[in-house]
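Peer 1: Sequence first, predicted model second:
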Amino acid sequence: MSTPLLDVTNVRSGYGAVEILRGVSMQLHAGELVALLGSNGAGKTTLNNVLSCVLPAWAGQVHFDGQLLTGQSYTQVVRSGLIHVPEGRKIFPNLSVLENLQLGAYARARERREHNLAIALETFPRLKERLSQLAGTMSGGEQQMLAIGRGMMAEPKLLILDEPSLGLSPLLVEELFGLIQKLRASGLTILLVEQNVGNALHLSKRAYVLEHGHIVKSGPSADLLSDPDVQRSYMGL
Ligand code: ATP
């Protein structure tokens, strides 16, 4: 098999003296949509923060697109094409939708800003109708679309979506997952971090389950969907 686009080996990390990630390994190949699942406090956001170099790894390594990411700065990570859409969206509420989108191209792909803006607006037509609206006045679902659209402005080689369905109504979750499916079909490589296990497994090809800082299960999403432990622990079946 080809070299993975993202290769995480034995990563340990945490906060202060508290170890949260206890030797996490995972791989993702170009073109894949892989889900990272786990309940509250499992360490999903902590792992994302290590991948984005916001938090240092205490041990282990992260390779992305053939480069060692461990020890680099957040800006270098963004420049390399690993784009993280954080949990809670983190849009700029007092800037317009257009300004938020334009900021997505600040550190990468600035010269292709107009081209990528057209692609983002085509993917999320709701944003097109609201370009001059203050981002903070948009609904939760629209803000999530804006956060993903802003990520797309940087022409990601890998887009990490951290709990995009959090706080959205079931109808909006369905719409959002449909849009993520569209992004995948366009060839984008996506790591989908979710607590909404059923939807994430339906959408992804493979998945990893993180518990207490360990990967406890991994494999084809179809297998995990029919795994009794997964059904019991995460899907209330
Ligand atoms: P959720 O789905 O609830 O967001 P998660 O899987 O993303 O959960 P993390 O946010 O990575 O989990 O948290 C893992 C553990 O690390 C938790 O016990 C949390 O309290 C702890 N933690 C997270 N951030 C910090 C921090 N800045 N300082 C100390 N502990 C932290």
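Peer 2: Yes, it's here.
Peer 1: mind listing the strands for the protein?
Peer 2: Under the criterion DSSP state E, the chain contains strands at 6-15, 18-28, 33-37, 59-64, 67-68, 82-85, 158-162, 190-194, 206-211, 214-220.
Peer 1: Tell me the strands beside the shortest one, with direction?
Peer 2: Sheet pairing for strand 67-68, assigned by DSSP bridges, gives strand 59-64 (antiparallel).
Peer 1: The partner strand to strand 158-162, inter-axis angle?
Peer 2: For strand 59-64 against strand 158-162, the angle by axes from the mean of the first three to the mean of the last three CA atoms, to 10 degrees is 120 degrees.
Peer 1: Please state the offset of strand 59-64 from the chain centre?
Peer 2: 18 Å (CA atoms, centre = their mean, to the nearest Å).
Peer 1: just stretch 190-205 next, same as before
Peer 2: 10 Å.
Peer 1: and that stretch, C-alpha only, in PDB?
Peer 2: The C-alpha coordinates for stretch 190-205 follow below in PDB (Å, rounded to 0.1, in the frame of the first residue of the first chain):
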ATOM      1  CA  ILE A 190     -11.000  14.000   5.700                       C
ATOM      2  CA  LEU A 191     -10.600  12.900   9.400                       C
ATOM      3  CA  LEU A 192     -14.000  13.200  10.900                       C
ATOM      4  CA  VAL A 193     -13.900  13.300  14.700                       C
ATOM      5  CA  GLU A 194     -17.400  12.500  16.100                       C
ATOM      6  CA  GLN A 195     -19.500  11.400  19.000                       C
ATOM      7  CA  ASN A 196     -22.300  10.900  16.500                       C
ATOM      8  CA  VAL A 197     -21.100   7.300  15.900                       C
ATOM      9  CA  GLY A 198     -23.800   5.900  13.700                       C
ATOM     10  CA  ASN A 199     -23.700   8.800  11.200                       C
ATOM     11  CA  ALA A 200     -19.900   8.900  11.200                       C
ATOM     12  CA  LEU A 201     -19.600   5.100  10.600                       C
ATOM     13  CA  HIS A 202     -22.100   5.300   7.700                       C
ATOM     14  CA  LEU A 203     -20.100   8.100   6.100                       C
ATOM     15  CA  SER A 204     -16.600   6.800   6.600                       C
ATOM     16  CA  LYS A 205     -14.600   4.000   5.000                       C
END
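Peer 1: about what we covered before: with distance to the ligand and mean neighbour count added, can I get the strands of the chain in TSV?
Peer 2: For every residue, glycine as well, the C-beta is placed using N, CA and C. Formatted as TSV, those follow (distance: least, CB to the nearest ligand atom, whole Å; neighbours: other CB atoms under 10 Å):
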stretch	distance to the ligand	mean neighbour count
strand 6-15	3	18
strand 18-28	4	18
strand 33-37	9	25
strand 59-64	16	18
strand 67-68	23	12
strand 82-85	13	25
strand 158-162	8	24
strand 190-194	7	25
strand 206-211	7	22
strand 214-220	12	15
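Peer 1: Many thanks, I have nothing further to ask.
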